[in-house]
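Chemist: Output the structure for:
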Amino acid sequence: NCRHSALRVDIAKKTMALLEFRDLYPETAARVMGIDAAAQEIGCRPEVFAQAFRTLRNDTSFVYSEKGFIKLPQLRVTYHVGEDFLDVVDGLRAIDEAILFLNLDCGDRLGHALALGISVSDWYKSKQNHIWISKQDYLDNIVWLYHTLIRYNILGMDNLKNRIENEYIRYFDEIYGQNMNKEFVDAIYSAAKNTLNRNGVAFDIHAYFDAWKLRGDAPQLYRKGFYNDSEVFLSLFNRNAVNYLFPDNFDVRKKCQISMIYYYYHFDKKVREAGQKRINIKVNYEYIKGVELVQKAMQSEIAKRGIGIEANPSSNVSIGTFSRYDEHPLIRLFNSGLTINDAELQECPQLWISINTDDQGIFGTKLENEYALVARELEKKTDENGEYLYSKAMIYDWLDKIREMGLKQSFLSNRGILSEMNDKDDINIHSRLFKVSANAQLIFDNQ
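Modeler: Predicted coordinates for the structure are as follows:
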């Protein structure tokens, strides 16, 4: 079986049930605005939900009922990611995977996304610059970091990339190389019957990264050791087994060494056991600096994409690596209205954010409380001289801008419902809207 095979089956059943629900009960289904997923982040990557999200996202149609044709709206997407991680790189990679594998677009949302906004240096300092992580996750992280430095054209990181290349050689051999049987590899080539571009067998860092790109595809496409899409078009769910939007070069799937790495990642027991072994890694200054630069570049890209960030202050203070509301990454991601300093405004990515409650049952909070808690902590925040950093007027102006963004982030806005309401009402309108929106979403939850 592939990784998370039982969970994948369960998600597939839920996906088919939602498709049937939309087909049989269109009037009720038209009230469902979006889908959400909250997973055990450590050990359960966004790739597990990719096929389901693409399927439901692409299910747009007219359904005939007694009242005539009903247009079913395109479902919007929230994915909770980047809150729980073993390394900041791990959290950033998960955010990137959610965007690329689930095909998130303008108007979709990321829940929490703390890795995108926390202080990278402070996080590593709190860990004494050590990370305790599985070999597989470490290998994936350093390969992703290497190519993300290239992707964003981040200069001055040659020493870090050289170190990563050496680390890659070591850990790829320990996880994959020592468990790749030559006779079995030759058998896969023979079974492929020249349908793949062999181009020699070079399992270098670039081939591995190309294999990572394919993790948004369904594993069954590679069960034979090479890409095989003979069953892709049997149903809507199977048609979305392939991530057609990523990578840009579709034919990367047809390169033998790339598809073979993907096969071993999912289906080889020895590879999976070797990858589960834990290691302790001490990170140096160059590594931390590289992560900071990548985080900054990702902030800018997500801002350009128009993907919203759902901030959940009480949840994050309880679960995250900071203990005070005034340390929440909200301010690092959006500060318009909170400062008049041009340099601070230019430095901030000004992401599209909202304040939310996360799980009211667990954290015993309401939306009004979340606004109040953030406001109170900022009102008390002082500089090294004991002077207050923010005036109340600035804090309330900043919060009101966040409130307005929260209204626009609501999936209800896609249906024109917001235009029928009085946008000049107070924060309570945001609370009522959020409760309606939350009740309208169906949750995939494997916690």
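Chemist: switch to C-alpha atoms for all contacts and neighbour counts from now on
Modeler: OK.
Chemist: buried ones in the helix or strand containing residue 147?
Modeler: Taking DSSP states H and E as the definition, residue 147 sits inside helix 135-151. Buried residues in helix 135-151, counting neighbours by 16 or more other Cα atoms under 10 Å, are found at 135-146, 148-149.
Chemist: low pLDDT regions in the chain?
Modeler: Applying pLDDT under 70 to the chain flags the ranges 64-65, 193-201, 231-233, 320-321, 413-447.
Chemist: which residue of it sits farthest from its center?
Modeler: Most distant from the centre of the chain: residue 66, at 40.3 Å, with distances by Cα atoms, centre = their mean.
Chemist: picking up where we left off before, what angle do the helix or strand following the helix holding residue 147 and helix 135-151 make?
Modeler: Next helix or strand after helix 135-151 toward the C-terminus (DSSP H and E): helix 158-175. Interaxial angle of helix 158-175 relative to helix 135-151 (axes from the mean of the first three to the mean of the last three Cα atoms, to 10 degrees): 150 degrees.
Chemist: Contacts for helix 158-175 next, please.
Modeler: Outside helix 158-175, the residues that touch it by Cα atoms under 8 Å, 6 or more residues apart in numbering are 135-136, 139, 142-143, 146, 204-205, 271-272, 274-275, 286-287, 290.
Chemist: Please, which helix or strand holds residue 247?
Modeler: Using DSSP H and E, residue 247 sits within no helix or strand.
Chemist: Tell me how many other residues crowd it.
Modeler: 17 (other Cα atoms under 10 Å).
Chemist: what about the closest residue to it other than its chain neighbours, how many neighbours?
Modeler: With Cα to Cα, 6 or more residues apart in numbering as the criterion, residue 247 has its nearest non-adjacent residue at 6.2 Å, and that residue is residue 213. Neighbourhood size, residue 213 [other Cα under 10 Å]: 22.
Chemist: what packs against the one helix or strand residue 213 maps to?
Modeler: If you go by DSSP H and E, residue 213 is part of helix 205-213. In terms of contacts (3 or more Cα pairs under 8 Å, 6 or more residues apart in numbering; DSSP states H and E), helix 205-213 is packed against helix 135-151, helix 158-175, helix 256-267.
Chemist: next helix or strand past it?
Modeler: Next in sequence after helix 205-213, counting helices and strands by DSSP H and E, comes helix 236-239.
Chemist: Return the distance of that next one from the chain's centre.
Modeler: 22 Å (Cα atoms, centre = their mean, to the nearest Å).
Chemist: what packs against it?
Modeler: Checking 3+ Cα pairs under 8 Å, 6+ apart, helix 236-239 ends up next to helix 50-57.
Chemist: now could you export just the CA positions of the helix it packs on as CSV?
Modeler: Extracted in CSV, the C-alpha atoms of helix 50-57 (Å, rounded to 0.1, in the frame of the first residue of the first chain):
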residue,chain,number,x,y,z
ALA,A,50,-4.9,16.8,-3.1
GLN,A,51,-7.0,14.6,-5.4
ALA,A,52,-10.1,15.2,-3.3
PHE,A,53,-9.8,18.9,-3.2
ARG,A,54,-9.2,19.2,-7.0
THR,A,55,-12.2,16.9,-7.6
LEU,A,56,-14.6,18.9,-5.5
ARG,A,57,-13.2,22.2,-6.8
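Chemist: neighbours of the residue lying closest to residue 57 once chain neighbours are set aside, just the number please.
Modeler: Spatial nearest neighbour of residue 57, excluding adjacent residues (Cα to Cα, 6+ apart): residue 75 at 5.4 Å. The tally of other residues near residue 75 (other Cα under 10 Å) stands at 20.
Chemist: Same question for residue 327.
Modeler: Applying other Cα under 10 Å, we find 18 residues neighbouring residue 327.
Chemist: Quick check: phi and psi at it.
Modeler: Phi and psi for residue 327, reported as degrees, to the nearest 10, are phi -100, psi 0.
Chemist: I figured residue 306 hits residue 352, correct?
Modeler: Yes - if you go by Cα atoms under 8 Å, residue 306 and residue 352 touch, sitting 6.8 Å apart.
Chemist: quick one: buried residues of stretch 204-213?
Modeler: 205, 207, 208, 209, 210, 211, 212, 213.
Chemist: gap between the residue nearest to the second one when sequence neighbours are not counted and residue 208?
Modeler: The one in question is residue 207. Leaving aside its sequence neighbours, residue 207 sits nearest to residue 258 (Cα to Cα, 6+ apart; 5.6 Å). Noted for residue 258: a distance of 7 Å to residue 208, by Cα to Cα, to the nearest Å.
Chemist: Likewise for residue 101?
Modeler: In terms of Cα to Cα, residue 101 sits 17 Å off from residue 208.
Chemist: repeat for residue 314
Modeler: 39 Å.
Chemist: try residue 159
Modeler: Distance, residue 159 to residue 208, using Cα to Cα: 20 Å.
Chemist: Next: residue 355.
Modeler: Going from residue 355 to residue 208 by Cα to Cα gives 38 Å.
Chemist: what does the helix holding residue 213 contact?
Modeler: The contact list for helix 205-213 (Cα under 8 Å, 6+ apart) reads 140, 143-144, 147, 165, 168-169, 246-247, 252, 257-259, 261-262.
Chemist: can you list contacts of stretch 267-275?
Modeler: Counting by Cα under 8 Å, 6+ apart, 1-3, 134-137, 174-176, 179, 223, 264-266 sit against stretch 267-275.
Chemist: so what's the closest residue to residue 353 other than its chain neighbours up against?
Modeler: In this structure, residue 353 finds its nearest non-sequential neighbour in residue 309, 4.6 Å apart by Cα to Cα, 6+ apart. With contact taken as Cα under 8 Å, 6+ apart, residue 309 is in contact with 109, 110, 111, 112, 113, 351, 352, 353, 354.
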